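In: okay, predicted coordinates and the sequence, questions at the end:
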Amino acid sequence: QVQLVESGGGLVQAGGSLRLSCAASGRTFSSYAMGWFRQAPGKEREFVGAVSGSGRSINYAASVKGRFTISRDNAQNTVYLQMNSLKPEDTALYSCAATDRALYIGTEPGRYEYWGQGTQVTVSS
């Protein structure tokens with residue numbers, strides 16, 4: 001069992017930056033690939049990015065590539081999402097997710113077994 005807790009969300013102006021954190025408790029953190037997803041009101045959950053258990057493989061959605069950076073610190077059981085050049089359309093509830101398939105960096109929410117409660121990101125124009 002893995003428990004995930006996100007933090008770092010907030011209100012920011014367009015063009016600004018935020019760094020989200022996702023702290024994990026439970027078994028060996030490096031055994032889990034981690035994903036970030038977001039969901040805006042009235043929209044489906046959207047893949048943002050994912051990182052393998054080792055941190056060597058990373059995948060980004062096209063909509064955030066070049067603006068967002070995923071990293072992880074396995075010693076601290078934490079994964080990060082650095083978000084730069086934020087746009088109003090980035091406004092959403094951001095959630096982290098974990099899968100015990102350590103090499104999986106795919107986009108399907110159903111492949112992730114554990115989810116956090118999410119942290120709200122609001123980007124004003």
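Out: Looks like it came in fine.

In: residues near residue 44, how many?
Out: Residues near residue 44, counting by other Cβ atoms under 10 Å, number 7. The way it works is simple: take the backbone N, C-alpha and C, and place the C-beta from them, glycine included.

In: next one: it from residue 15, what distance?
Out: 26 Å (Cβ to Cβ, to the nearest Å).

In: residue 63 now?
Out: In terms of Cβ to Cβ, residue 63 sits 16 Å off from residue 15.

In: then residue 28?
Out: Counting by Cβ to Cβ, the gap from residue 28 to residue 15 is 39 Å.

In: coming back round to it: residue 63 and residue 15: which has the busier surroundings?
Out: residue 63 (14 against 11).

In: what sits against the more buried one?
Out: Listed by Cβ atoms under 8 Å, 6 or more residues apart in numbering, the contact set of residue 63 reads residue 46.

In: which SS state does it fall under?
Out: At residue 63, secondary structure determined by DSSP: H, G, I helix; E, B strand; the rest coil is coil.

In: the residue nearest the centre of the chain in helix, strand or coil?
Out: Geometric centre of the chain, nearest residue: residue 36, 2.4 Å, by Cα atoms, centre = their mean. Following three-state DSSP, we place residue 36 in the strand state.

In: quick check, it in contact with residue 93.
Out: No. Counting by Cβ atoms under 8 Å, residue 36 stays clear of residue 93, with 11.4 Å between them.

In: burial of residue 56, as a residue count?
Out: Look at residue 56: counted by other Cβ under 10 Å, it has 8 neighbours.
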